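1. A predicted structure for the sequence below; I have some questions about it.
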Amino acid sequence: MKKSVLTLTLAASVLALSACNDNEAADSEVLATSKVGEVTKEELYQEMKTSVGKQALQVLLIEKVLDSEFEVSDKEINAQFDSEKEQMGEGFDQYLAQQGQTEESYKKYIKLNLLQEKALTEGVEVTDEEVKKQYENMKTELNARHVLVADEETAKEVKSKLDGGADFAAVAKEYSTEPAAQESAGELGWFTPDKMVKEFSDAALALEVDQISEPVKSEFGFHIIQVTEKREVEMEATLEEKSDEIRKQLLMAKADQSTLLPKVSKLMKDADIKIKDEDLKDALDQILNAGEEAPAAE
């Protein structure tokens, strides 16, 4: 999934903070007792407000403005939840526990991200032909390796060395900015094109076995790619069954990440939000200013 405005840890803080102050009459409710004193709901709220209050308020209001503009169904949330649970297998419950999450709170986090995706991909189009082409591409599995560098000049230097017969593993260890390269020597193993960013997968698919690519630019930097093997794989799901998932992947790949914050900023301004707590007065300044610093999507 692309970078999002929110983080799992912050979303967890939001849930805790909002739960702490959902009933003013209960502010004095005692949450814990001990020989050295009590902790009330109000004390917990004030402590959390001090530590994560501004960020938490941002997230709560982002959710409200996006929820008023875009629709995310329970079916979508449950489908995403079930997919992630299946992928993680037995480690899913442990993952939730490590993040301080329950199934219910994690579904709320999923909803926040789905709302952001809807905002980000608004106006982006993916044709049926593009979906079909991606499905066909997924029938080809590639075994590849790459060297990832920060700039095109270095990428050309890497390309020249490899064309001259330099050992790929040695070059990857020397040049690659990818931390894992010191262990993997740039080896990526087997993958289908949908598992990589579009620029990378398009270039890799176009290569003959053992051919070394020209520099390929992606959001991560510049890649020099070599496909060492190709093989056909049998798809377990039909095009019809996979079309929604593929369409979503292509929408996110096409979307311009830089448009999200300006869009959220505009929605917040239109919502005429007024913060009454003096301690949190400037909680939205960063987001509201983002709309002025970056141009809105055309």
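-> Sure thing, it's come through.

2. ok, Gln226 - how many residues close by?
-> Neighbours of Gln226 under the rule other Cβ atoms under 10 Å: 20. To be clear about C-beta, it is placed using only N, CA and C from the backbone, and glycine gets the same treatment.

3. Tell me the spacing between it and Val30.
-> 65 Å (Cβ to Cβ, to the nearest Å).

4. And for Lys254?
-> Per Cβ to Cβ, Lys254 is found 53 Å from Val30.

5. longest strand anywhere in the protein?
-> strand 221-232 (DSSP state E).

6. Distance from that one to the middle of the chain?
-> How far strand 221-232 lies from its chain's middle: 24 Å, per Cα atoms, centre = their mean, to the nearest Å.

7. Give me the buried stretch members for that strand, please.
-> 221-227, 230 (16 or more other Cβ atoms under 10 Å).

8. list the helices and strands that strand packs on?
-> When contacts are defined as 3 or more Cβ pairs under 8 Å, 6 or more residues apart in numbering; DSSP states H and E, strand 221-232 sits against strand 140-149, helix 152-163, helix 198-206, strand 216-218.

9. and the helix or strand hosting Glu47, what other elements does it pack with?
-> Per DSSP states H and E: Glu47 is located in helix 41-69. The helices and strands touching helix 41-69, judged by 3+ Cβ pairs under 8 Å, 6+ apart, are helix 8-20, strand 30-32, helix 103-121, helix 260-270, helix 285-293.

10. State the next helix or strand along the chain beyond it.
-> Past helix 41-69, the next helix or strand by DSSP H and E is helix 74-88.

11. what's the angle between that following helix and helix 103-121?
-> Following axes from the mean of the first three to the mean of the last three Cα atoms, to 10 degrees, one obtains 110 degrees for the angle between helix 74-88 and helix 103-121.

12. Which residues does helix 74-88 contact?
-> 92, 95, 103, 106-107, 110-111, 114 (Cβ atoms under 8 Å, 6 or more residues apart in numbering).

13. One more pass at 7 Å, please.
-> For helix 74-88, the external contacting residues (Cβ atoms under 7 Å, 6 or more residues apart in numbering) are 92, 95, 106-107, 110-111, 114.

14. Could you find the closest non-adjacent residue to Lys156?
-> In this structure, Lys156 finds its nearest non-sequential neighbour in Pro215, 6.2 Å apart by Cβ to Cβ, 6 or more residues apart in numbering.
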